[in-house]
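Enquirer: got a predicted structure plus its sequence, pasted below:
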Amino acid sequence: MTTFLLRRLALVLPTLFFVSVLIFGLQQLLPGDPALAMAGEDRDPAVIAFLRQKYHLDEPFPVRYLLWVEGVLAGDLGESIRIKRPVRDLVLEKLPVTAELAALAIVIALSIGLPMGILAAVKNDSAVDYAATMVALWGRSIPNFWLGILLILLFSVEWGLLPASGFVSPAESLSRNLATLIMPAFVLGNAIAAVMMRHTRSAMLEVLSSDYVRTARAKGLSETRVVLHHALRNALVPVITLGALEFGELLSGAVLTEQVFTIPGFGKLIVDAVFNRDYAVVQGVVLCTALAFILLNLFADVAYVLINPRLRE
Amino acid sequence: MTKWLTFVAACWLIVTALISGPGAVSAQTLRIGLAEDPDMLDPTLSRTFVSYVVRTALCDKLFDIGLEQEIVPQLATQWEWTDDKRGLIIKLRPGVKFHDGEPFDAAAVKFSIERHLTMPGSTRKSDISAISRVEIIDDHTVKLVLLTPFAPLLAQLAAAAGTMISPKAAQAAGENFGSHPVCAGPFKFVERVAQDRIVLERFADYWDKDKIKLERIVYLPIPDTTVRLANLQSGGLDLAGVAATDLDTVRKDPRLKLAAVSGIGYSGITINVANGERSKTPMGRDARVRQALELSIDREALNQVVFNGEFEPGNQWVPPTNPYYVKELPIPARDVAKAKALLAAAVAPNPVVAMTVTNNPVVLQTAQVIQAMAKESGFDIRIQATEFASALQLAAKGDFEAFMLGWTGRVDPDGNIYNLVTCNSPFNDGHYCNPEVDRELDAARKVDTRVDRLAHYRNVAEHILQDLPIIYLYHAKWLYAASARLSGFIPYPDGVIRPQGLQLE
Amino acid sequence: MTAGILDSASADAGARPWRLALRRLARRRAALLGLAVVAFFIAVAVAAPLVAPYDPLATDWRAVRKPPSALHLFGTDELGRDVLARLIWGARASLMAGLVSVSIAVGVSVPLGLVSGYLGGAVDGLLMRMIDAMLAIPFLILAIALAAFLGPNLTNAMIAIGVAQTPIFTRLTRGQVLAVKHEDYIEAARAVGNSHRRIVLRHILPNVLAPILVQATLAIAAAIIAEAALSFLGLGQQPPAPSWGSMLNTATHFLSQAPWMAVWPGLAIFSLVLSFNLLGDGLRDALDPRRG
C-alpha cells in the first residue's frame, strides 16, 4: 500500500512541472503586450517602459520562466499587474468561495443524480430508465450561461426571491450566503448530475447482483429496504470517490457561472486575467487548481483501491 | 434513506428561509453597479475609468467640472493666471481635513502634484507635464510654474491629475497606497474585495458635509449588462449604467427611473494612413476612398438600429451640442451616388477593407451595420474581431487597415484631438501627419478665450474632415437607471457619479 | 487459441460484439430518438442553401427585432436578419464545432494513445505526465487560453476545443491498449512474428474503437456547448456569420424585448446536444460487455 502511494506521489512532481510549462507558455504567448494593455488609454510611453521593466517583460522566455518558478518555490506567486496585489493573497481569498460553490454543486448533483441513478438501476432498461437518463442529462445539454440568465430573470427579476448576482461571505450572513450561491450551484450541479447518475446506476447494478444483497433478499426484507438501505450504502462509496474526479469539470463550469452571477471566485479571476493579460494571476491560479486536481485524483485512486482489493496490483 | 431525506428536507428549509428577497440593507447605503472591476485605487497609478468613478467619492480634487463642463472650485477656491500665462496661482480652501485627520494645505498640494509627476509608473504625468514646479506661497496658496502656457491645465486639475492625497498616509504606505487610499473626499475607504465590492463610509469631517446624505456607498462590478439590469429590477442595485437597448425596459418598469446626459467622448473609425505596410491600401492612400466610406454611412440610421436612437450622431471630435463644434461643417447625409463617383475617381470601385473591431457586442453591431451600408457603394468590408488587449498592440504597431475605436473623452476639446492626430503622437495610430493641423492645434492651446480657440479648431476641422484620418460616427450618452427610491441624482457629462445630493428613502 | 485459426478468431472477436451491440442499440429507444434528431440536424445543415428562406447575412433596418410573423417565421434579430435562416445556417457552424473539434481530438489522441500504451516504458511515462498536466488544467480554461492565443474565430475555437479534448481520448485509448496488450491472442500474434505495426493496427485498434466512439459522441455534445461558451466570451464564431452559440449570446441582451431571438437557438442547442448525449449513452450501454 505505501509503495503504491509513494509511487503515485512521485508522479505528481513531473506532472506539475509540465503544468507549469504549459500554462506559462500559453500565457506568455498570448498576443498583445501586457504593458500596453495595462497602461490605460493614455498609453504614456514612460508608463509602458516602467511596466515592461518592472515585470521583466523584455527578458527572454526561459529567463522569465525560471524567475517565475524561483518565486513559486519560495512561496511568491507573483503580483497582479492590474490591481497590484500578490497572487497568493488573491488565491487565498478566492479559494473558499469557489470551494463552497463546488461543494454545494456536488450536493445538488448528488440530490439529482442519486435518485435518478437508483431509479434507473432498479427499473433497468425500461421507460423509467430512459426518463431518468433524460432528466439527468438535461443539465449537460444547456449552455450554463444561458441557464444562469434564465434563472436570474425568473427568480430575481420576476419573483424577487433571490439576489440576481453577487456574493456574501458565510461569515457575514449564512442565509444570504446561501441565497447568493444557490442558483449558480444549481447550474453547476446540474451539469455534473448526469455523471453522478451514471456512477450511481453502475454501482447499484453491480451491488444489486452481489451475494450481500441476495442474502438480504433471501432474509425476506422488503425490496425498498434492500435497495435503499443495503445496496445504496455500498454503492455510495465508489460514487463519491469517482465524484471527486468531477472537480475539474466543476472548475470548468465555474468559469462561466461565476461570470454570469458575479461570484468572486477562481473562475472569474482566471477569465478576467486572461483577457487583461494579467498573466501572473492566470499562472498562479491554474497552478494551484492543478495541484488540487492532482491531489484529488490521488485521493480518489487510493480510496478506490482501498475499497476494491482486486485492483491493488 | 431517512437520513438522506432529512438532509434534503433541511436544505429546502434553508432555501425557503431565505425567501426574504435580496436581503435587508441599511436605508442609507447606496449600491452602485460598475461595468468592470476597477484596477488599483491609487490616483497616481490607476488606469481605468471605473476606478476614477470610485475615487470621485473618495478623493476631492483641486477643481471639479460642472454640468456645462465649466471649471468649478472644489479643494481650491480661486485661481488666477499670471500675465505671461506661465503661472497659475491657486487659493486653497481652509479648514479641510484628510481622512486621517491631517490638514489639507499647500504642502499637501505640492506633495500630491509632485507625486503625480515623479512617481515611477504614474499615469498622470503626461496630463500635467507642462508643470515645471510647485511653489508654496503660504499655507493656503500655491503657484504652479509652467514650462509653457497650457490652457487645458485647469481641466486636467479638474480631473484625476488634480487629486489631492494625504502626504502622511502616502509616505507611510508607499507603493501600496492604492489598497487603502486616504484622501479628502466625502467618503472614506472601508474595504475592498477584488472583483466583488468596494465599500466606502461617510467621512464625518468633510468640508461640504451638508450635501452628503448617504451613510455608505458600495460599488459592485457587474460586467454583464443583462445581469446588471436584473439587479436593478430586483433591487440588488440602486444605480447603474445601462445599455441603450435596455432603455425601453427601464422606462416601463415603475421600480426604476431613467437619467441620461450627453457624454464627452466619441466613437469612430481610425484609418491607417501612414503606419507601416498596411497603410498601402486604396483606403490608406487616397482621401477620396475615405470620403466615399463616410458618405456611405447613414449615421442617423446607425444610431437608430444599434442604439434605438438614444445616442448622438456626430462627425467631429466633439458632439454637435458642444460649443467647440464647428457648425459650418455639419454631418453629411448619406449619398451613395456620390460615394460611387468618388470611388470611380480614385480608381478603386470595389475596395476590400479589413476592419479591426474589438469583440464587444455593441462595437460588433456597429461594424456590421457599416459593413451592410458600405456594401451598396461597393465596399467589401471584412470584420476582424480581436480581443481588446491584442487590438491595442495591433493598433500601435500599425497592423490594421481600419480600426473601430472609441475615445472616452476629455473635458477640454484639446484632449479629444491633440494626441490623436498630431504627428508622432503616442496614440495617433494611423500616423496621420499634417503640419498645418499641428500648428493650429498648438495655437489653440495657447489662447484662452473660447472664440479664439474655436477659430483655430475650425481650421483644424477643415483639414481633418477633408483628409479623414478618423471618421467620427457618434457620441455615446451616459445612460443610468436608478431605483425609484433614489433622489437627487444628476448625471454629469464626464460619466462620473457624484455623491453630493444623493439620498435614498 | 492455436496459431492456425488465430487471424479468424481475432477477427471474429471483433465482428460479433458489433452486431450484438447494434441490436442492443436498436432496443434503446432514447438512443434511437437521439440518432433521429442528430440525423435531422445534419440534413438541415447540409441542405442549408436550399432550405433557408433568406440570406442569413441580409440586414434590414426597418425590420429590426420583429416578432415571428408570416414573413419571418421565427422573427428577426437585432439587425433585421431572419432568425430562421440564421438558425439553419448556424446548424453548420454548431455541427462543425462538434464534429471537427472531436475529429482533431481523435485524430491526434488515438495514435498517441496507441503508441504510448503499446510501447510502455519511458515514452509512456513521459507522454502520460504531459497528458496528466493537460487534464489537470480545467477544460474551459485551456480552451479559452488556446482560443485567445490563436485569435477569435470559429476555426480557432474548433482547434482549441479539439486540443483541449485530446487528453481524455489519449487516456482512453491507452487504457484500452493496456487492457488488451497482454491478451493471449496478442501474445500469440507476437510469437508468430507479426510486426508491431500489424499487431497494433489489426489486433489492438479494433478493440479501442468502441469506447472511442462512445466518448466521441459525448464529446461532440460537449464541444457544441463549449462553442457556445466561447461565444459568450467573444471567442467563437464572429459576426456576421451565424452560430447558435453566438446567436444565443447576442440574444441574452434582448431577452425582454425580443425573446424569440433566444428561444430558437436555445432550443436548437438543447435538442442537438441532448440527442448526442442520449446517443452516446445508448452506445455505451450497447457496447458494454457487462450489460447483457
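Expert: Received it, and whenever you're ready, just let me know what you need. Computed from a prediction, not measured in an experiment: that's the story for all the values here. Residues are numbered from 1 along each chain as shown, chains lettered A, B, ... in the order given.

Enquirer: how near is residue C:107 to residue A:252?
Expert: Distance, residue C:107 to residue A:252, by C-beta to C-beta, to the nearest Å: 23 Å. No exception for glycine: its C-beta is placed from N, CA and C like everyone else's.

Enquirer: actually residue B:334, not the one I typed
Expert: 47 Å.

Enquirer: who has more neighbours out of those two?
Expert: A direct count of neighbours by other C-beta atoms under 10 Å in any protein chain shown for residue B:334 and residue A:252 places residue A:252 higher, at 27 against 18.

Enquirer: surely residue B:456 is in contact with residue B:441?
Expert: Yes - Residue B:456 is within contact range of residue B:441, at 7.2 Å (criterion: C-beta atoms under 8 Å).

Enquirer: what's the overlap in contacts for the two?
Expert: Common contacts of residue B:456 and residue B:441, defined by C-beta atoms under 8 Å, 6 or more residues apart in numbering or on different chains, are absent altogether.

Enquirer: okay, now the nearest residue in space to residue A:227 that is not next to it in sequence: neighbour count?
Expert: Spatially, and ignoring its direct neighbours in sequence, residue A:227 is nearest to residue A:122 (5.9 Å; C-beta to C-beta, 6 or more residues apart in numbering or on different chains). Residue A:122: 20 surrounding residues under other C-beta under 10 Å.

Enquirer: what of residue C:49?
Expert: Residues near residue C:49, counting by other C-beta under 10 Å, number 9.

Enquirer: can you check what pLDDT the model gives the nearest residue to residue A:47 once chain neighbours are set aside?
Expert: Of all residues not flanking residue A:47 in the chain, residue A:39 sits nearest, at 4.8 Å (C-beta to C-beta, 6+ apart). Model confidence at residue A:39, given as pLDDT, is 78.

Enquirer: check residue B:197 too.
Expert: 94.

Enquirer: swap in residue A:194?
Expert: In this prediction residue A:194 is given a pLDDT of 83.

Enquirer: repeat that for residue B:8.
Expert: The predicted local confidence for residue B:8 is 65.

Enquirer: what do you get for the one 3 residues further on?
Expert: The model reports residue B:11 with a pLDDT of 61.

Enquirer: next: the one 5 residues further on.
Expert: Residue B:16 carries a pLDDT score of 52 in this model.

Enquirer: what does the one 3 residues further on give?
Expert: Listed pLDDT for residue B:19 reads 50.

Enquirer: roughly how far out does whichever helix or strand residue A:233 is part of sit from the chain middle?
Expert: Following DSSP states H and E, the helix or strand that holds residue A:233 is helix A:232-243. Helix A:232-243 sits 19 Å away from the centroid of its parent chain (C-alpha atoms, centre = their mean, to the nearest Å).

Enquirer: for stretch B:472-486, same thing?
Expert: Distance, centroid of stretch B:472-486 to centroid of chain: 13 Å (C-alpha atoms, centre = their mean).

Enquirer: do you have the helices of chain A handy? List them.
Expert: Along chain A, the segments classed as helices by DSSP state H run A:2-28, A:34-38, A:45-54, A:61-73, A:87-122, A:127-138, A:144-151, A:174-208, A:211-218, A:223-225, A:232-243, A:247-261, A:266-276, A:279-307.

Enquirer: out of those, which is closest to residue C:198?
Expert: helix A:2-28 (32.3 Å; C-beta to C-beta).

Enquirer: does the least confident helix or strand in chain A by mean pLDDT reach chain B?
Expert: Sorting the helices and strands of chain A by mean pLDDT, DSSP states H and E puts helix A:232-243 at the bottom, at a mean of 71. Yes - using C-beta under 8 Å from any C-beta of the partner chain, helix A:232-243 reaches chain B at residue A:232.

Enquirer: and the residue in the stretch 1-150 of chain B positioned nearest to chain A, how far from residue A:81?
Expert: Nearest residue of the stretch 1-150 of chain B to chain A (C-beta to the nearest C-beta) works out as residue B:47 at 2.9 Å. According to C-beta to C-beta, residue B:47 and residue A:81 sit 10 Å apart.

Enquirer: also residue B:489?
Expert: Residue B:489 is 34 Å from residue A:81, by C-beta to C-beta.

Enquirer: who's more crowded, these two?
Expert: Using other C-beta under 10 Å, the more surrounded residue of residue B:489 and residue A:81 is residue A:81, with 23 against 19.

Enquirer: tell me who's in contact with that one.
Expert: With C-beta under 8 Å, 6+ apart, residue A:81 has these contacts: A:34, A:38, A:51, A:55, A:276, A:277, A:278, A:280.

Enquirer: make TSV out of the helices of chain A and add distance to residue B:485.
Expert: Shown next, in TSV, are the helices of chain A (distance: least, C-beta to C-beta, whole Å):
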stretch	distance to residue B:485
helix A:2-28	45
helix A:34-38	38
helix A:45-54	41
helix A:61-73	49
helix A:87-122	30
helix A:127-138	39
helix A:144-151	26
helix A:174-208	20
helix A:211-218	62
helix A:223-225	54
helix A:232-243	45
helix A:247-261	24
helix A:266-276	29
helix A:279-307	37
